[in-house]
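# Sequence first, predicted coordinates after that:
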Amino acid sequence: MTTILFAAPALWAEYQTELPKALGEAGVAAEVVTDALPETVDYIVYAPSSPLQDFTPYNRTKAVLSLWAGVERIVGNATLTQPLCRMVDPGLTEGMVEWVVGHTLRHHLGMDRHIVNPGHVWDPTCPPLARERPVTVLGMGALGAACASALRALNFPVTGWSRTEKPGCLHGEAGLTEALQGAQIVVLLLPKTPETENLLNAERLALMPEGAVILNPGRGALIDDAALLAALDAGQIGQATLDVFRVEPLPAEHPYWIHPRVTVTPHIAADTRASTAARVIAENIRRGEAGEPFLHLVDRTRGY
Ligand code: NAP
């Protein structure tokens with residue numbers, strides 16, 4: 001019998017029915033437990049909030065399966081030598097697409113002007129069409145690519161930027177410059193790695209057209225906060241909608257809370273849903289048991 005240690009106690013209530021159900025549907029005979037002797041554990045289901053930090057005694061464990069897409073809080077754990085898989089889940093992707101499309105349309109249509117209009121100003125200025133509003137998506141992975149195609153379906157001209165060369169996508173420093181210079185709305189869907197930290201710094205913010213909008217559902221550390229605040233104050237950046245922060249919850253005294261050009265959403269862009277994520281976990285365990293390659297393996301050297 002395969003033993004699965006569910007090492008994310010705060011999420012157990014959501015998964016205690018869904019995970020055994022998904023394992024049954026995948027044809028995996030397994031026992032899911034919340035406590036076990038390390039040497040008996042075949043797979044670990046993990047979240048960054050887990051108390052489990054030392055993986056050394058788990059010498060039989062075939063894989064650690066993260067319930068989170070972003071793995072920056074576990075990828076550098078030197079005791080973790082087992083394969084690490086991250087979460088790529090249809091529910092997560094759909095949630096992110098909805099958040100990104102919703103906030104893109106809000107800024108594109110200038111909805112705030114009409115929703116908050118205490119002076120009852122009759123301003124008949126029409127927004128441009130989506131086809132006239134270039135959007136750049138930084139990070140064209142599972143989430144960025146899905147957001148890009150949803151925005152393209154609405155006629156936004158979308159430029160993507162990624163680390164490696166891929167069709168229809170910019171890459172490298174020159175590609176980043178081009179992607180930022182052309183964008184009225186920039187969406188950040190990069191992982192947090194040493195290479196992406198402070199990627200949007202003062203110099204790169206200055207490349208964007210005046211009044212451009214930033215949407216950050218990626219990670220807080222992708223942006224140099226002081227540089228963004230200065231760019232917002234100067235009007236170089238028109239609006240920022242931020243879902244992720246260096247410190248979460250965002251501290252009460254943080255200037256983002258009261259900045260008139262910033263919208264704070266509390267890391268809710270996309271949630272891992274137990275009903276769909278349990279199937280991803282179960283499929284990876286089925287693969288592990290069948291000797292097939294795992295899905296969504298994290299590359300430790302690149303950090304995502
Ligand atoms: P992913 O599939 O791993 O995609 C990451 C993308 O970023 C890839 O296109 C990758 O390029 C690119 N990239 C990585 N490092 C780069 C660099 N140095 N320069 C340029 N491009 C780089 O990840 P995902 O599933 O789309 O998730 C993206 C991030 O979203 C996660 O890491 C997490 O931080 C965040 N997230 C947030 C929420 C939320 O609720 N706010 C929810 C889920 C995830 P290649 O394609 O060339 O590899």
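Perfect, thanks for sending it.
# residue contacts, the residue in the stretch 51-200 of the chain that the ligand sits nearest to?
Residue of the stretch 51-200 of the chain nearest the ligand, by C-beta to the nearest ligand atom: residue 141 (1.7 Å). Where you see a C-beta, it was placed from the backbone N, CA and C, and this is true even at glycine. Applying C-beta atoms under 8 Å, 6 or more residues apart in numbering to residue 141 gives the contacts 162, 189, 191, 304.
# can you pull the buried residues of stretch 68-76?
68, 69, 70, 71, 72, 74, 75 (16 or more other C-beta atoms under 10 Å).
# pLDDT for these - can I get that in CSV?
Listed next are the buried residues of stretch 68-76 as CSV, based on pLDDT from 0 to 100:
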residue, pLDDT
68, 96
69, 97
70, 97
71, 97
72, 97
74, 96
75, 96
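# which secondary structure elements does the helix or strand containing residue 17 contact?
Using DSSP states H and E, residue 17 maps to helix 12-25. Packed against helix 12-25 by the contact rule (3 or more C-beta pairs under 8 Å, 6 or more residues apart in numbering; DSSP states H and E) you find strand 2-6, strand 30-33, helix 274-290.
# Flag every buried residue along the longest one.
Put plainly, it is helix 274-290. For helix 274-290, a neighbour-count test (16+ other C-beta under 10 Å) marks 274, 276-289 as buried.
# Heading C-terminal from the lengthiest helix in the chain, find the next helix or strand.
Under DSSP state H, the helix in the chain containing the largest number of residues is helix 90-109. Next helix or strand after helix 90-109 toward the C-terminus (DSSP H and E): helix 111-115.
# Mind exporting the C-alpha coordinates of that next one to PDB?
Extracted C-alpha coordinates of helix 111-115, given in PDB (Å, rounded to 0.1, in the frame of the first residue of the first chain):
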ATOM      1  CA  MET A 111     -14.400  51.800 -15.200                       C
ATOM      2  CA  ASP A 112     -13.200  53.600 -12.000                       C
ATOM      3  CA  ARG A 113     -14.200  57.000 -13.400                       C
ATOM      4  CA  HIS A 114     -17.900  55.900 -13.500                       C
ATOM      5  CA  ILE A 115     -18.000  53.700 -10.400                       C
END
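# Which is the succeeding secondary structure element to that helix?
strand 135-138.
# Parallel or antiparallel, list what pairs with that next one.
strand 158-162 (parallel), strand 185-188 (parallel) (DSSP bridges).
# That one vs the ligand: in contact?
No. Remark: strand 135-138 sits outside contact range of the ligand, by C-beta under 6 Å from any ligand atom, the gap being at least 6.8 Å.
# could you point out which element follows that strand?
Criterion used, DSSP H and E; the element after strand 135-138 is helix 142-153.
# residues of that next one that come out buried?
142, 143, 144, 145, 146, 147, 148, 150, 151.
# Look at stretch 231-239 and report the distance between its end residues.
10 Å (C-alpha to C-alpha, to the nearest Å).
# Which positions within it qualify as buried?
Quick answer for stretch 231-239 (16+ other C-beta under 10 Å): 231, 232, 236, 237, 238, 239.
# Let me know the closest of these to residue 131.
Proximity of the buried residues of stretch 231-239 to residue 131 was ranked by C-beta to C-beta; the top entry is residue 238 with 20.0 Å.
# Test my guess that the closest one contacts residue 211.
Yes. In this structure, residue 238 is within contact of residue 211 by C-beta atoms under 8 Å, at 3.8 Å.
# hmm, back to that, tabulate the strands paired with strand 135-138 in a markdown table, adding columns for mean pLDDT, distance to residue 38 and mean neighbour count.
Supplementary listing: the strands paired with strand 135-138 in a markdown table, determined by pLDDT from 0 to 100; distance: least, C-beta to C-beta, whole Å; neighbours: other C-beta atoms under 10 Å:
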| stretch | mean pLDDT | distance to residue 38 | mean neighbour count |
| --- | --- | --- | --- |
| strand 158-162 | 98 | 38 | 23 |
| strand 185-188 | 98 | 38 | 26 |
